[in-house]
Structures are given as C-alpha cells and as structure tokens.
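**Student:** sequence first, predicted coordinates after that:
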Amino acid sequence: ERMVRLQDVKKILVIKLRAIGDVLLSTIVLKNLRYHFPDAQLDFLTEPPSREILEGNSFIDNIVIFDRKQSETSSFLRLLRRSHYDLVIDLFGNPRTAFMTYVTRAKYRVGFDFRGRRYAYNFLVPSRGAEVHNTEFNLDALRALGIAIVDTKTLFHVRAEDEEYVSLFLKERGLEGEILIALNPGGTWYTKRWSLGKFAELGDALTRIYKTRIILLWGPGELRDAQRIRDLMTQPSFVPPSTTLKQLGALLKRCRLVISNDAGPMHISAVLGVPTLGIY
C-alpha cells in the first residue's frame, strides 16, 4: 500500500555520510526513486570522500556536501531548511543526520527506528541491519513509504578517460593482456584486516599456480602497506600509482579477481561485476 502521495513530492534529499562503501551500496535507492518521481529534484547529501562515488550518476541532480571540518553546522542546517525538501530519506541514522532530517521540516521524513532518533521522522523503518545485506537495509526505507522496488542494482560510473588512464598504466608496466588479480590489504577497521604477510603468501601462490600478475591496491595512508607486501613477496608484483576512485574502478574492471579486506574497493569491484572475494 502506497503511503506517500507522489504528486506532493517535488524535491527529494537522500542522506548517507561517511564510508565510500556504504555510500556506494546506498545508490540502490536512486533508480527506484527516479522511477516513481521522474520529475522531482533528487539531491544526495554525503561527505567529501564519497563525492566521487556519486559523480556521473544520472539519477542525481545535485550532490550536497557536508564537510565537518569546514561547514559551520548552524549555517548548513539553515541551508537545508531553506531548500524546502518534500521528502527526506536518512539512510545513515546517527544523531547528526536525524537532526538534519528534522530541521528540513519535510512533509515526508524517513529514518530507521533507532533509539533517540524517532522524533526526527514521521516514517519509521524497522532496523534489519543485522539480518539482511546492506542493500536490502537501504531498500527498506522505500518500502516504509509503500514505494515498489523496481530495480536492485547499485551504481558506479566509470568514465572513458579513466579507462584510458588505466590502459596506459598497464601498457607501460607490460601488463596489457596479462591475467590480473588485485589484492587490497587496506580497510577501515584495523581489527578486520588480514596480515600483510598473509597477503604476500597468497600473492606468491597465485602467481606460481595460475601464472597471474598481482596488483597491490592502496588508498590514502596505505602506500607503505602495499610496498611492504611487494617486498615480502618472492614473485614480482605491482603497486599502481595514486588513483582516483573512478580510476580505481577502471583498474578493477581489468582484473580477473579481486581479493580484499572489508573496504571500499571490495564494494566497487562487486558493483562493477568483477569476481570479488571479501576477507572477514
């Protein structure tokens, strides 16, 4: 049963802060919203590291950035209030985003049924985070509005210039046409990371047995770890130059397999249809 009057909704805001992997998985709601609200303005609120995840997404009209280091919270809240959103969907659900949702005074305010946040929403979503995949958790917000799910794909756009950048890198390193496997030793939670020594052993075994070429991925603050694995390996491996998230996506698309700690590259490769093995 539909609980929201489609004709009431002219401006929509989706909120998802923090980790790039979580923001990527939340893009599953966007095509569904565009299907039901084809003429509405659809904005997405996130933080600076995740901007690139959303750039190029044809379903979004505006990316709204909250930079906690630079944004004055009171002025940012006034901006949200003056934007006159009709529908706000808070997919993050911490005290900050709950309050952001509340101050919009949107007619329809959707959020998860977490203690201390219920005041902010007039559509409460039962939290099934421990029971279902993150994508289903996000789609529950639409179900709470009575909106039918018409698409279940997450979205990440890779540009032609990013493909060209990666092709040039692979050609320069003599990797064009080789069987590539990417190892990603980075991750948000240190306690959830596999050891560098284990990655090195795995890289050597894959190289010997399957005649592959190993690419060691790294992000901000992780270059030393990738270089350490390269030094520990007895077989040759390759540390790529610094990449944007779009360039990383283009590189992952060239890989036969990605093996990763629980981190953004794991989610990007899976969304792009690359066989992905997550280490938990």
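**Tutor:** Okay, I see it.
**Student:** ok, which stretches of this protein are helices?
**Tutor:** Read by DSSP state H, the chain holds these helices, from start to end of the chain: 20-26, 30-36, 51-54, 73-82, 95-104, 134-144, 160-172, 196-210, 223-232, 245-253, 264-271.
**Student:** show the average pLDDT along the longest one.
**Tutor:** Across helix 196-210, the average pLDDT comes to 97.
**Student:** could the helices of the chain go into a markdown table alongside mean neighbour count?
**Tutor:** (Each C-beta comes from the backbone N, C-alpha and C, glycine too.) Shown next, in a markdown table, are the helices of the chain (neighbours: other C-beta atoms under 10 Å):
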| stretch | mean neighbour count |
| --- | --- |
| helix 20-26 | 23 |
| helix 30-36 | 19 |
| helix 51-54 | 23 |
| helix 73-82 | 13 |
| helix 95-104 | 20 |
| helix 134-144 | 19 |
| helix 160-172 | 15 |
| helix 196-210 | 16 |
| helix 223-232 | 17 |
| helix 245-253 | 23 |
| helix 264-271 | 24 |
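**Student:** figure out which of the ones you listed is closest to residue 182.
**Tutor:** Set against residue 182 and scored by C-beta to C-beta, the helices of the chain come closest in helix 245-253, at 6.3 Å.
**Student:** run the angle between the closest one and helix 160-172 for me.
**Tutor:** Compare the direction of helix 245-253 with that of helix 160-172 by axes from the mean of the first three to the mean of the last three C-alpha atoms, to 10 degrees and you get 50 degrees.
**Student:** what's the mean pLDDT across helix 245-253?
**Tutor:** pLDDT averaged over helix 245-253 gives 97.
**Student:** same check on stretch 111-127?
**Tutor:** 92.
**Student:** ok, now stretch 141-149?
**Tutor:** The average pLDDT for stretch 141-149 rounds to 93.
**Student:** hang on, the earlier thing: now distance to residue 89 too, for the helices of the chain, in JSON lines please.
**Tutor:** Supplementary listing: those in JSON lines, determined by distance: least, C-beta to C-beta, whole Å:
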{"stretch": "helix 20-26", "distance to residue 89": "9"}
{"stretch": "helix 30-36", "distance to residue 89": "8"}
{"stretch": "helix 51-54", "distance to residue 89": "15"}
{"stretch": "helix 73-82", "distance to residue 89": "14"}
{"stretch": "helix 95-104", "distance to residue 89": "8"}
{"stretch": "helix 134-144", "distance to residue 89": "5"}
{"stretch": "helix 160-172", "distance to residue 89": "29"}
{"stretch": "helix 196-210", "distance to residue 89": "38"}
{"stretch": "helix 223-232", "distance to residue 89": "36"}
{"stretch": "helix 245-253", "distance to residue 89": "23"}
{"stretch": "helix 264-271", "distance to residue 89": "20"}
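**Student:** nearest to residue 183, out of the ones you listed?
**Tutor:** Nearest of these (C-beta to C-beta): helix 196-210, 5.3 Å.
**Student:** what residues does that closest one touch?
**Tutor:** For helix 196-210, the surrounding residues in contact (C-beta atoms under 8 Å, 6 or more residues apart in numbering) are 179, 181, 183, 185, 212-214, 216, 225, 228-229, 232-237, 259.
**Student:** contacting residues for the residue lying closest to residue 203 once chain neighbours are set aside?
**Tutor:** Taking C-beta to C-beta, 6 or more residues apart in numbering, and ignoring the residues beside it in sequence, residue 203 has residue 214 as its nearest neighbour in space, at 4.4 Å. Shown in contact with residue 214 (C-beta under 8 Å, 6+ apart): 180-183, 203, 206-207, 233, 235-238.
**Student:** bridging residues for residue 214?
**Tutor:** The bridge-partner assignment for residue 214, based on DSSP bridges, gives residue 181, residue 237.
**Student:** thinking residue 48 is in contact with residue 64, fair?
**Tutor:** No: counting by C-beta atoms under 8 Å, no contact exists between residue 48 and residue 64, whose distance comes to 11.5 Å.
**Student:** the two - which one has more neighbours?
**Tutor:** Under the neighbour definition other C-beta atoms under 10 Å, residue 48 and residue 64 were set side by side, and residue 64 has more, 17 against 12.
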